[in-house]
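Enquirer: What follows is a predicted protein model with its sequence.
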Amino acid sequence: MLIAGMDAVMNDPVSESTGRRALAEPPRLRRPNREQSLLLPCCLEDLLPADHAARAVWSVVERLDLSAFSAPLKARGDEPGRPATDPQLLTALWLYATIEGIGSGREIERRCGCQDAFRWLCGGVPVNYHTLNDFRVGHGAALDELFSQVLAVLMHKRIVSVRRIAQDGTKVRADAGRHTFRREATLQRQLTEARAHVAAVKAQSDNPAADARRRAAQERAARERVERIEAALAELPKSGADQQQSKRPDVRAKEPRASTIDPQARVMKMPDGGYRPAYNVQLATDVESRAIVGVDVTQARSDHQQAAPLRAQVERRSGAKVVEHLLDGGYVQLAEIERAEAAGTRIYAPPQKTGNDTAGFAPKRSDGPGVAAWRVRMGTPAGQTIYKQRASTAEPVNADLKRYRGLAQCVVRGLAKVRCQALWAALAYNVMHFAAQLVT
């Protein structure tokens, strides 16, 4: 019966003509109408769910003491001047942006106008990229204190302890190319040319027909070039002294050079084996909680002398003693180990294998008591077990900051500003991982 009915429909001339007519007409579609009026939420609180990361960041920031950021502001009470952007807002924007892997002030400004999380943080306050970029690098001491403040809260709540820390260094590419490095003779010649250019630009500024803004920009660019070359010349002696610390005779024999773009950058060996301008970022991580407890940025091409300064920084920040310090072989210096052991810090680092001593664990006649104890310790199963925690603690933290928090490439120039970038990355990491504990 069903088959017979279908045959009847298929052979029905009316149904066939209706089908042809339907195919000839355009399909019914739902098309966008961007001219229609919509009733959108007008309350910013409705833009984000209660558990959004931006809310967590703001909850942390509003509990922190940011008075050091506000101290330089001049618009107070009845004093003249435009109201400044709240440091709480700027801090929250940079923390949330860094957590999201955004390191550009221009990109943050763009998202403040179109992305709900940034719009919610701004709360209707306009923010431009000049303000954002200036804030990121303009408060180095206050930012360092803020990092210590977060660490103090975590230690007070017994979430973080610095009893056992792991340290690792990473090379971060500078915002300068190798082709910008010049020897002294070249820098002196370029300085003479740059000063002559400044004089020529000033002479042109006497022409009233020239555009005032264009003249000012040209003069500023010419002056800044002179300042960069002078800074590069000033860095040459220090760069040469750094080269003399190298174990390679060919490196020590080279004439020192400095960059005209970022004079404080140094050419370093990168993880891929190549040599590029970079900074050496040192991070100390609490083994138990995996919180970052120390940050430093240096121009050192190796990690040889970086253990003691960072350990001292961690103890200064925390007010507590580092009892066990886990390091890789690049940090090993016998004199430093002797001093650390004498001060009550046990070092866990692999001894160098030399001669017939394949393990390096046997104390040597020239060893002091601290170095001898270190060698014996590293030859025990307990010592090996503790040392293995270094790679699983420090290296993932470094990788996180480089891959997800924008620390693979310097976006600013100069040692102080790069240190600010590293502090923002470390602070964002701690806030991201411990936001719930920081607000309870």
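Expert: Structure's in. What do you need? Numbering: from 1, shown residues only.

Enquirer: which parts of the lengthiest helix in the chain are buried?
Expert: In the chain, ranked by residue count with DSSP state H as the criterion, the top helix is helix 212-243. By 16 or more other Cβ atoms under 10 Å, the buried positions in helix 212-243 come out as 215, 218, 222-223, 225-226, 228-229, 231-233, 235-236, 239-240, 242-243. (Each C-beta comes from the backbone N, C-alpha and C, glycine too.)

Enquirer: likewise stretch 397-414?
Expert: Using 16+ other Cβ under 10 Å as the test for burial, stretch 397-414 gives 397-398, 400-402, 404-407, 410-414.

Enquirer: So which of those residues belong to helices?
Expert: Val397, Asn398, Asp400, Leu401, Lys402, Tyr404.

Enquirer: quick one, what contacts the first one?
Expert: With contact set as Cβ atoms under 8 Å, 6 or more residues apart in numbering, Val397 has these partners: Asp168, Leu283, Thr285, Arg290, Ile292, Tyr429.

Enquirer: Now list the buried members of those residues.
Expert: Buried among these (16+ other Cβ under 10 Å): Asp168, Leu283, Thr285, Arg290, Ile292, Tyr429.

Enquirer: Which pLDDT value goes with Val297?
Expert: Per-residue pLDDT puts Val297 at 98.

Enquirer: I'd guessed it sits against Gln282; true?
Expert: Yes: the criterion here is Cβ atoms under 8 Å, and Val297 meets it with Gln282 at 7.4 Å.

Enquirer: where does Asp51 fall, helix, sheet strand or coil?
Expert: Here Asp51 is recorded as coil under DSSP: H, G, I helix; E, B strand; the rest coil.

Enquirer: Apologies, that question was intended for Leu143.
Expert: Under three-state DSSP, the three-state class of Leu143 is helix.

Enquirer: List just the nearest of the ones in helices among the buried residues of stretch 397-414 to Val125.
Expert: Distance to Val125, by Cβ to Cβ, is smallest for Tyr404 among these, at 27.4 Å.

Enquirer: for the closest residue to the closest one other than its chain neighbours, what are its contacts?
Expert: Nearest residue to Tyr404 in three dimensions, chain neighbours excluded: Gly101, at 5.3 Å (Cβ to Cβ, 6 or more residues apart in numbering). Gly101 sits next to Tyr404, Arg405, Gly406 when contact means Cβ under 8 Å, 6+ apart.

Enquirer: How about Cys420?
Expert: Neighbour list for Cys420: Arg136, Val137, His139, Gly140, Leu143, Val412 [criterion: Cβ under 8 Å, 6+ apart].

Enquirer: circling back to that earlier point, and which of the buried residues of stretch 397-414 is nearest to Gln333?
Expert: Gln333 lies nearest to Asn398 out of those, by Cβ to Cβ, at 21.3 Å.

Enquirer: close enough to count as contact, that closest one and Ala284?
Expert: No: applying Cβ under 8 Å, one finds Asn398 not in contact with Ala284, separated by 10.9 Å.

Enquirer: quick one: strands adjacent to the host helix or strand of Val281?
Expert: Remark: Val281 resides in strand 275-286, with elements defined by DSSP states H and E. Paired neighbours of strand 275-286 in the sheet (DSSP bridges): strand 164-173 (antiparallel), strand 266-269 (antiparallel), strand 292-298 (antiparallel).

Enquirer: got CSV for those strands, with distance to Gln333 too?
Expert: Listed next are the strands paired with strand 275-286 as CSV, based on distance: least, Cβ to Cβ, whole Å:
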stretch, distance to Gln333
strand 164-173, 13
strand 266-269, 19
strand 292-298, 15
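
Enquirer: closest one to Glu341 among these?
Expert: strand 164-173 (15.3 Å).

Enquirer: Just the CA trace of the closest one, in CSV.
Expert: The C-alpha coordinates for strand 164-173 follow below in CSV (Å, rounded to 0.1, in the frame of the first residue of the first chain):
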residue,chain,number,x,y,z
ARG,A,164,63.7,24.3,49.7
ILE,A,165,64.0,26.2,46.5
ALA,A,166,65.0,25.3,42.9
GLN,A,167,66.7,27.8,40.6
ASP,A,168,66.9,27.9,36.9
GLY,A,169,68.1,30.5,34.4
THR,A,170,66.7,31.3,30.9
LYS,A,171,68.0,33.5,28.1
VAL,A,172,65.4,35.9,26.8
ARG,A,173,66.0,37.5,23.5
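
Enquirer: next helix or strand past it?
Expert: Once the chain leaves strand 164-173, the next helix or strand it forms, by DSSP H and E, is strand 181-182.

Enquirer: What residues sit buried inside the helix or strand hosting Lys417?
Expert: Element membership of Lys417 [criterion: DSSP H and E] is helix 415-438. Of all the residues in helix 415-438, those buried under the rule 16+ other Cβ under 10 Å are 417-435, 437-438.

Enquirer: How about the secondary structure of Arg390?
Expert: Secondary structure for Arg390, judged by three-state DSSP, is helix.

Enquirer: Can you give me the pLDDT of it?
Expert: Arg390 carries a pLDDT value of 96.

Enquirer: could I get the contacts of Cys420 as CSV with pLDDT and distance to Gly273?
Expert: Shown next, in CSV, are the contacts of Cys420 (pLDDT from 0 to 100; distance: Cβ to Cβ, whole Å):
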residue, pLDDT, distance to Gly273
Arg136, 97, 32
Val137, 97, 31
His139, 96, 37
Gly140, 96, 33
Leu143, 98, 34
Val412, 96, 26
